[in-house]
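**Student:** pasting the sequence and the predicted coordinates here, then a few questions.
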Amino acid sequence: MTARLEILRAGPAMTIQDRGRPGYARFGLSAGGAMDPHALAEGSALIGNQADAAAIEMAGIGGRFRVTGGPLWLALCGAPMQATLDDRPLPWRCSFRAGPGQVLNIGGALTGVADAGTYGYLHVAGGFDTPLEIGARGNHLRAGIGGIDGKALAEGQVLPPGTADNGHHRALRAPVPEHLGRREIRILWGPQSHRFRDDTRERLLAGTYSVSHRRDRMAMRLDIAGGEPLESLLSGLSDPAMAGDIQVTGDGVPAILMREHQPTGGYPRIATVISADLAAAAQLPSGAPFRFVLVTRDEAVEALRDWRKSIATLAERASPVIRSPEQVDNLLAYNLIDGVVSAGDDPGDGP
Amino acid sequence: MTESRFPRIVDAGDSALMVLFGDSLDMAVNRAVMAFDAALRAADWPAVEEITPGIRGLLLRFDPLAKGAAELRERIDALLDERDWLRSEPVAGRRLWRLPVHYGEESGPDLEHVAEQLGCDAQDVIREHSGSRLHVLMLGFAPGCAYLGALPERWDLPRLDHVKPEVPPGSLSVAVRQTVLFATPIPTGWCTIGRTPFLSFSRHQEPWFYLAPGDEVGFEVIDQHRFRELSEAVADGESIVTPETLE
């Protein structure tokens, strides 16, 4: 019998993700892909997967899984979540072996830890072998493609690992990534920043924000500390948009476009999150205060260089797990955060 | 930060820039976008990752750490200076798609509303809309969702005062001198006047996307019976529209 991972319970918006499908924006399809590509790469580094391997992305809360048919090598990465294997606590950011019949239970994302975030990832050696669709396996929920039949994962589904598993495994631990727990998001002004008043742009930089519960893979609506909205501008002609754009809707509230963004949009965009900080923004826990910091283009490019270097060196920076799971700190003591609620139910500035 | 003349290049984050040719819905501007898109794609410069043409400008994504990134902006500048892009002819090799459309009834619940706004009857709306030849100004919002234009000035209609939670794939909706053709079920605040069985996005069949930016679209009026027949053919994986290549 071949080893499989059976889903006994699925958190909301639990999806198969990989690096997405860049290149189709001209046909109305944004690239999608993992909200935290660093976490995706961590898991691949720990269990020797190819860079295009698919993993399970868990938004705010995980699920319950059973290994069937044979042992599987798994890894948990991204935002740390409460996790147990047959009721024994599992360390985060580590690879481990799970035997047939064993039950993996992943709860809510941990709060009160330095590396708190929102999106956790479950990897399997060989990657999850769900169907390739338009060149990738990643689930684009808005477009209804990828994953299993274009939809989020659900209870009762049985996921096969790919055959690319090299079979040589040991328990490894990845270093804590720098972007988790960061509360400063670096931005650049963009093509439409000039449409806003100077004092509005100053307020964007001076204010404290948090990601609201209206967040999903498409966009994250922000709460402004003090509640005073930014500036209300009329929508303009739709222009191509990109992940990281900070758009301001008619009510003066900013939202950051994420991986599954609408490929075009007419809401004015006040600024753009730098490429190196898009995952840090995605991982912000709902309600956690953060600030925007203006940087220069050169600083943004240097940050991108560091970001890529961090991803490229993951395998060499992984270390053998020296503590057994039973000795890990009591991870269960932390509070849980709420789930992730859709921000994209209305067409916004679309047709 | 003041607006300068067009065309102009503006940075969009650290890994993209926009080339803007105007600030309104204008066919000369859109032709400039499509011509410049074709020229950029033909140039095939290193570091360029993706070009997304829009109604009045295009987004060019590049890898700022790749070889050639430092020279990219100068090269784009030089290409812009090569000629007057606002006097571009439509790009050669674009295709003409003649789409069968069932107007009104359950396919176009807002047909009467549009007729009222235009001050004519529903038959006039059908005659005028189906007689128009439109350009794919941009694809956006959702996969295969095409913004077609431009309709005559009097079609500068407002959006509805409410958003319909979902209209079916193939729906044709009008507002602001444009017709938007959906390929997936999506919410809209535009006025839906008809529906085509043709779908410009098919997740199961290569090439997945059919209409491309710059293509032209014409319409052929069909009745409900024919709409159902053609819809069944599409469901069976048949191709119901064969595009002509325009020079």
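**Tutor:** Thanks, I have it. Numbering: from 1, shown residues only, chains lettered A, B, ... in the order given.

**Student:** from here on, just use CA atoms for contacts and neighbour counts.
**Tutor:** OK.

**Student:** elements contacting the helix or strand of chain A with the lowest mean pLDDT?
**Tutor:** When the helices and strands of chain A are scored by mean pLDDT, DSSP states H and E, strand A:264-265 comes last with a mean of 92. Here strand A:264-265 touches strand A:239-240, going by 3 or more C-alpha pairs under 8 Å, 6 or more residues apart in numbering or on different chains; DSSP states H and E.

**Student:** list the strands paired with the least confident helix or strand of chain A, with their directions.
**Tutor:** Here strand A:264-265 has these sheet partners by DSSP bridges: strand A:239-240 (antiparallel).

**Student:** immediately after the lengthiest helix in chain B, which helix or strand?
**Tutor:** Across chain B, the longest stretch assigned as helix under DSSP state H is helix B:27-43. As assigned by DSSP states H and E, the chain's next helix or strand after helix B:27-43 is strand B:48-53.

**Student:** still on that earlier bit, who touches the least confident helix or strand of chain A?
**Tutor:** A:28, A:237, A:238, A:239, A:240, A:241, A:349, A:350, B:54, B:140, B:141 (C-alpha atoms under 8 Å, 6 or more residues apart in numbering or on different chains).

**Student:** taking chain A, what residue is nearest to chain B?
**Tutor:** residue A:28 (4.1 Å; C-alpha to the nearest C-alpha).

**Student:** so residue A:12 makes contact with residue A:59?
**Tutor:** Yes. Taking contacts as C-alpha atoms under 8 Å, residue A:12 lies within contact range of residue A:59: 7.2 Å.

**Student:** looking at these two, which one has more neighbours?
**Tutor:** In terms of neighbours (other C-alpha atoms under 10 Å in any protein chain shown), residue A:59 is the more surrounded of residue A:12 and residue A:59; the figures are 27 against 18.

**Student:** that one reaches residue A:13, doesn't it?
**Tutor:** Yes. Because the distance of 6.1 Å satisfies C-alpha under 8 Å, residue A:59 is recorded as touching residue A:13.

**Student:** isn't residue B:38 right next to residue B:89, touching?
**Tutor:** No. Residue B:38 lies out of contact with residue B:89 (C-alpha under 8 Å); the separation is 11.9 Å.

**Student:** who's more crowded, these two?
**Tutor:** Neighbour totals were compared for residue B:38 and residue B:89, and residue B:38 leads with 17 against 12 (other C-alpha under 10 Å).

**Student:** quick check: closest non-adjacent residue to residue A:147.
**Tutor:** What sits nearest to residue A:147 in space, not counting adjacent residues and going by C-alpha to C-alpha, 6 or more residues apart in numbering or on different chains, is residue A:139, at 4.4 Å.

**Student:** walk me through the domains of chain B.
**Tutor:** If you go by automatic domain parsing, the domain ranges for chain B are B:8-87, B:95-245.

**Student:** what is the worst-scoring helix or strand of chain B on mean pLDDT packed up against?
**Tutor:** For chain B, the helix or strand with the lowest mean confidence is strand B:186-188, at a mean of 90 (criterion: mean pLDDT, DSSP H and E). Judged by 3+ C-alpha pairs under 8 Å, 6+ apart, strand B:186-188 is in contact with strand B:164-167.

**Student:** how about the strand it packs on: buried residues?
**Tutor:** Using 16 or more other C-alpha atoms under 10 Å in any protein chain shown as the burial criterion, the residues of strand B:164-167 that qualify are B:164, B:167.

**Student:** before we move on, back to that, partner strands of the least confident helix or strand of chain B, with direction?
**Tutor:** Using DSSP bridges, the strands paired with strand B:186-188 are strand B:164-167 (antiparallel).

**Student:** what average pLDDT does the strand it pairs with get?
**Tutor:** Per-region confidence: strand B:164-167 scores 93 on mean pLDDT.

**Student:** give me the contact list for that strand.
**Tutor:** Counting by C-alpha under 8 Å, 6+ apart, strand B:164-167 makes contact with A:346, B:185, B:186, B:187, B:188, B:189, all of which sit outside it.

**Student:** where are the low-confidence patches of chain B?
**Tutor:** Counting by pLDDT under 70, the low-confidence segments of chain B come to B:1-4.

**Student:** now the helices for it?
**Tutor:** Assignment of helices within chain B using DSSP H yields the ranges B:27-43, B:69-82, B:111-118, B:122-130, B:224-235.

**Student:** and the contacts of the last one?
**Tutor:** Translated: helix B:224-235. Judged by C-alpha under 8 Å, 6+ apart, the contacts made with helix B:224-235 from elsewhere in the structure are B:100, B:101, B:102, B:196, B:197, B:198, B:239, B:240.

**Student:** ok, the third one next?
**Tutor:** Contacts made with helix B:111-118 from outside it, assessed by C-alpha under 8 Å, 6+ apart, are listed as B:103-104, B:121-122, B:124-125, B:154-155, B:157, B:191-194.

**Student:** what's the ChimeraX line that selects buried ones from the residues you listed?
**Tutor:** A single ChimeraX command selects the buried members of these (16+ other C-alpha under 10 Å):
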select /B:103,104,122,125,155,157,191,192,193,194
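
**Student:** what subset of the contacts of strand B:164-167 is buried?
**Tutor:** Neighbour counting with 16+ other C-alpha under 10 Å marks B:186, B:187, B:188, B:189 as buried within the contacts of strand B:164-167.

**Student:** quick one: which helix or strand includes the closest residue to residue A:234 other than its chain neighbours?
**Tutor:** Taking C-alpha to C-alpha, 6+ apart as the measure, residue A:234 lies nearest to residue A:250, with 6.7 Å between them; neighbours along the chain are not counted. Taking DSSP H and E as the definition, residue A:250 sits outside all helices and strands.

**Student:** and residue A:250, how many residues sit next to it?
**Tutor:** The local packing of residue A:250 (other C-alpha under 10 Å) involves 17 other residues.

**Student:** distance of it from residue A:271?
**Tutor:** Residue A:250 is 16 Å from residue A:271, where distance means C-alpha to C-alpha, to the nearest Å.

**Student:** cool, residue B:163 as well?
**Tutor:** In this structure, residue B:163 and residue A:271 are 28 Å apart, going by C-alpha to C-alpha.

**Student:** name the nearest residue to the residue of chain B positioned farthest from its centre, ignoring sequence neighbours.
**Tutor:** Going by C-alpha atoms, centre = their mean, the residue of chain B most distant from its centre is residue B:67, 32.9 Å out. Of all residues not flanking residue B:67 in the chain, residue B:47 sits nearest, at 6.2 Å (C-alpha to C-alpha, 6+ apart).
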